[in-house]
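Participant: no sequence on this one, just coordinates:
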């Protein structure tokens, strides 16, 4: 692909980062992906493998200057999911999305690790694992798999295929990849789920460390946490029994302490964990309603399964008429469309500073109902119908893109600092308080996130002229001084400096620094010079 306007969709990050590439490749099969990657490795070019390009820290696009030509390889044409072991696990190919995984395993009565994407819609399975993404489901923990089929560029510059899927695949690299993509492999027995017992981990509310964060060494293994330092052809992931019954509670209050007490009660080991517990501040709701209604409308009309195709169509349109014009068109559609929330639910969102969308499943429904009821007059609680719950969650999922839209429609009014923050499990104050010097640099703020895990997304729309990088660095220092971690689940990308043990992990995976160099603010030069 040589048309720079068309290539811009692949060389510009969803929220941050952009650069130039000598070429963009869109392979149509795993074998083609192997051949393109081998061609690049033989010629010593930089390879940036990109999945859905919905990353929030610019880590899947070129960024800055490099000492070699850059080739971006998009895996968006490489979807495919194969349920195995009676649906208890699945093989997900390089470009498969969460919605494809959900569709493939639904007939087995199973659900996936995460939902449509708490911060972006259309997220890929492999991208989530490579970035240790978190997700909205309380008991699951970060996306992780220690079973993958991937390639690495060795110290001699050769491309090496490594099979850690836990299944026999015979032949040379192209034969293995061709058979896997065709589903031509022997029946696979179930393996024990990977990872650590997150359900127990998240309940440790006296611990002064976060429940999950990107630098956690437990999440770094081969493809998991690799941040593009290997080329992943497929991953093997566990699935989970689908709930037979769900109930969503809308919990609203102006009392932050009351929510903090509710969190401790919900995490008490005496009760089963809720399935989901999503937080929104009133300002985040206002932003989603004003600049995210088009996303809520499309989700309502077409469902999450159609969103990847819709997002690709928007990118193609942007290459023709420009991104600003495309944003204005989508914003106009959202403004004339009906509001996303029923009136009675909208009132609760707007009348209270803090809102939780708390979903319990099966045996957890009654215990969660009792815990919420026991909080007395401190909380306003409404049990939502299935339709009301779906509408409320659509607003929750639209808010992240709303911040991007707000900035892009008027970039001259200030930049966007979109931070994801992991607070310590023992923290009482779940809303980060900025000192006066930082606070006056902000003109609009939206907080939302995964309440029980204490992982929050804070979108700061900055005053004109404020240096975003300096602002982010000061916030990071503030968070870490209180025992928190950044980033929490969006990976380091080109926004955050990776700590030493993460850099060492990258170097072991990619000794020549050929794959996604510069991620984690590391060297962009050959052999890590």
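Facilitator: It's in. Because the structure is a prediction, the values reported are computed rather than measured.
Participant: after the lowest-mean-pLDDT helix or strand in the chain comes which helix or strand?
Facilitator: Scoring the helices and strands of the chain by mean pLDDT, DSSP states H and E places helix 307-321 at the bottom, with a mean of 75. Next in sequence after helix 307-321, counting helices and strands by DSSP states H and E, comes helix 323-336.
Participant: quick one: average pLDDT of that next one?
Facilitator: Averaging pLDDT along helix 323-336 yields 87.
Participant: which residues are in contact with that helix?
Facilitator: Residues outside helix 323-336 that contact it (CB atoms under 8 Å, 6 or more residues apart in numbering) are 291-297, 314, 317-318, 405, 408-409. In this view, the C-beta of every residue, glycine as well, is placed from N, C-alpha and C.
Participant: Most neighbours among those residues, which one?
Facilitator: residue 292 (29 neighbours; other CB atoms under 10 Å).
Participant: mind listing what it touches?
Facilitator: 334, 395, 398-399, 401-402, 405.
Participant: Please produce a markdown table containing those, extended by distance to residue 377 and secondary structure.
Facilitator: Formatted as a markdown table, these follow (distance: CB to CB, whole Å; DSSP: H, G, I helix; E, B strand; the rest coil):
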| residue | distance to residue 377 | secondary structure |
| --- | --- | --- |
| 334 | 37 | helix |
| 395 | 26 | helix |
| 398 | 31 | helix |
| 399 | 29 | helix |
| 401 | 36 | helix |
| 402 | 32 | helix |
| 405 | 38 | helix |
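Participant: Excluding chain neighbours, what is closest to the residue most central in space within the chain?
Facilitator: By CA atoms, centre = their mean, the chain has its centre lying nearest to residue 133, at 4.9 Å. Using CB to CB, 6 or more residues apart in numbering and skipping residues adjacent in sequence, the residue nearest residue 133 is residue 143, 4.8 Å away.
Participant: just checking, the one you found touches residue 132?
Facilitator: Yes - using CB atoms under 8 Å, residue 143 is in contact with residue 132, at 6.1 Å.
Participant: any shared contact partners between the two?
Facilitator: Common neighbours of residue 143 and residue 132 (CB under 8 Å, 6+ apart) are residue 224.
Participant: Does anything pack onto the least confident helix or strand of the chain? Which helices or strands?
Facilitator: On a contact count with 3 or more CB pairs under 8 Å, 6 or more residues apart in numbering; DSSP states H and E, helix 307-321 meets helix 4-11, helix 293-302, helix 323-336.
Participant: returning to that earlier point: adding distance to residue 77, write the contacts of helix 323-336 out as TSV.
Facilitator: Listed next are these as TSV, based on distance: CB to CB, whole Å:
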residue	distance to residue 77
291	31
292	28
293	31
294	26
295	24
296	28
297	27
314	18
317	19
318	19
405	27
408	27
409	31
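Participant: and of those, the nearest to residue 149?
Facilitator: Within those, the smallest distance to residue 149 is 31.5 Å, found for residue 314 (CB to CB).
Participant: Ends of stretch 42-58, what's the gap?
Facilitator: Length of stretch 42-58, first residue to last, CA to CA, to the nearest Å: 26 Å.
Participant: May I see the buried residues of it?
Facilitator: Neighbour-count burial for stretch 42-58, counted by 16 or more other CB atoms under 10 Å, picks out 45-58.
Participant: Pick out the most distant pair among these.
Facilitator: Greatest spatial distance in these: 45 and 56, 26.4 Å, computed using CB to CB.
Participant: Wait, residue 124 touches residue 97, no?
Facilitator: Yes - applying CB under 8 Å, one finds residue 124 in contact with residue 97, separated by 5.4 Å.
Participant: Between these two, which has more neighbouring residues?
Facilitator: More neighbours surround residue 124 than the other of residue 124 and residue 97, with 33 against 29 (other CB under 10 Å).
Participant: out of everything not next to it in sequence, what's closest to that one?
Facilitator: Sequence neighbours aside, residue 51 is the residue nearest to residue 124 in space, at 3.8 Å (criterion: CB to CB, 6+ apart).
Participant: Quick check: that neighbour vs residue 283, distance?
Facilitator: Here the criterion is CB to CB, to the nearest Å. By it, residue 51 lies 31 Å from residue 283.
Participant: So residue 21 sits against residue 7, correct?
Facilitator: Yes - judged on CB under 8 Å, residue 21 makes contact with residue 7 at a distance of 6.4 Å.
Participant: which residues of the stretch 201-350 of the chain fall in helices?
Facilitator: With DSSP state H, counting those that start in this stretch as the criterion, the stretch 201-350 of the chain has helices at 256-266, 282-291, 293-302, 307-321, 323-336, 343-351.
Participant: for the stretch 1-150 of the chain, that is, sorry about that
Facilitator: Applying DSSP H, counting those that start in this stretch to the stretch 1-150 of the chain gives helices spanning 4-11, 30-42, 98-106, 125-130.
Participant: Switch these over to TSV; also include distance to residue 62 and mean pLDDT.
Facilitator: TSV is the format used below for the helices of the stretch 1-150 of the chain (distance: least, CB to CB, whole Å; pLDDT from 0 to 100):
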stretch	distance to residue 62	mean pLDDT
helix 4-11	6	77
helix 30-42	14	98
helix 98-106	26	91
helix 125-130	17	92
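Participant: okay, these in CSV with distance to residue 174 next?
Facilitator: Formatted as CSV, those follow (distance: least, CB to CB, whole Å):
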stretch, distance to residue 174
helix 4-11, 25
helix 30-42, 5
helix 98-106, 24
helix 125-130, 20
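Participant: Could you tell me how far the nearest residue to residue 106 once chain neighbours are set aside is located from residue 210?
Facilitator: Leaving aside its sequence neighbours, residue 106 sits nearest to residue 242 (CB to CB, 6+ apart; 7.5 Å). Applying CB to CB, the value for residue 242 to residue 210 is 29 Å.
Participant: more crowded one of these two?
Facilitator: The neighbour comparison of residue 242 against residue 210 (other CB under 10 Å) goes to residue 210, with 24 against 15.
Participant: That one: what's it in contact with?
Facilitator: Contacts here follow CB under 8 Å, 6+ apart; on that basis residue 210 touches 422-425, 454-455, 483-485, 488.
Participant: out of those, which are inside strands?
Facilitator: Using DSSP state E, the subset of those located in strands is 422, 455.
Participant: Tell me which two in the contacts of residue 210 are the farthest apart.
Facilitator: Farthest pair in the contacts of residue 210 (CB to CB) is 455 and 483. Separation: 14.0 Å.
Participant: before we move on, the earlier item: closest to residue 469 out of the contacts of helix 323-336?
Facilitator: Distance ranking of the contacts of helix 323-336 against residue 469, using CB to CB, places residue 408 first at 18.8 Å.
Participant: Now for the nearest residue to residue 310 once chain neighbours are set aside, how many residues are close by?
Facilitator: Distances taken as CB to CB, 6+ apart put residue 298 closest to residue 310, at 5.8 Å, once the chain neighbours are dropped. Residues contacting residue 298 under the criterion other CB under 10 Å number 23.
Participant: do residue 141 as well
Facilitator: The tally of other residues near residue 141 (other CB under 10 Å) stands at 24.
Participant: Isn't it up against residue 203?
Facilitator: No - when contacts are counted by CB under 8 Å, residue 141 is not listed as touching residue 203 (12.0 Å).
Participant: which element is residue 457 on?
Facilitator: Using DSSP H and E, the element containing residue 457 is strand 455-462.
Participant: What pairs with that strand, parallel or antiparallel?
Facilitator: strand 416-422 (antiparallel), strand 442-450 (antiparallel) (DSSP bridges).
Participant: roughly how far is the shortest one from the heart of the chain?
Facilitator: In this case it means strand 416-422. Distance of strand 416-422 from its chain centroid, counting by CA atoms, centre = their mean, to the nearest Å, is 13 Å.
Participant: With the longest one instead?
Facilitator: Centroid displacement of strand 442-450 relative to its chain, using CA atoms, centre = their mean, is 17 Å.
Participant: Compute the inter-axis angle for it and helix 282-291.
Facilitator: Interaxial angle, strand 442-450 versus helix 282-291 (axes from the mean of the first three to the mean of the last three CA atoms, to 10 degrees): 100 degrees.
Participant: what do you get for the shortest one?
Facilitator: Between the axis of strand 416-422 and that of helix 282-291 there is an angle of 140 degrees, by the same axes, to 10 degrees.
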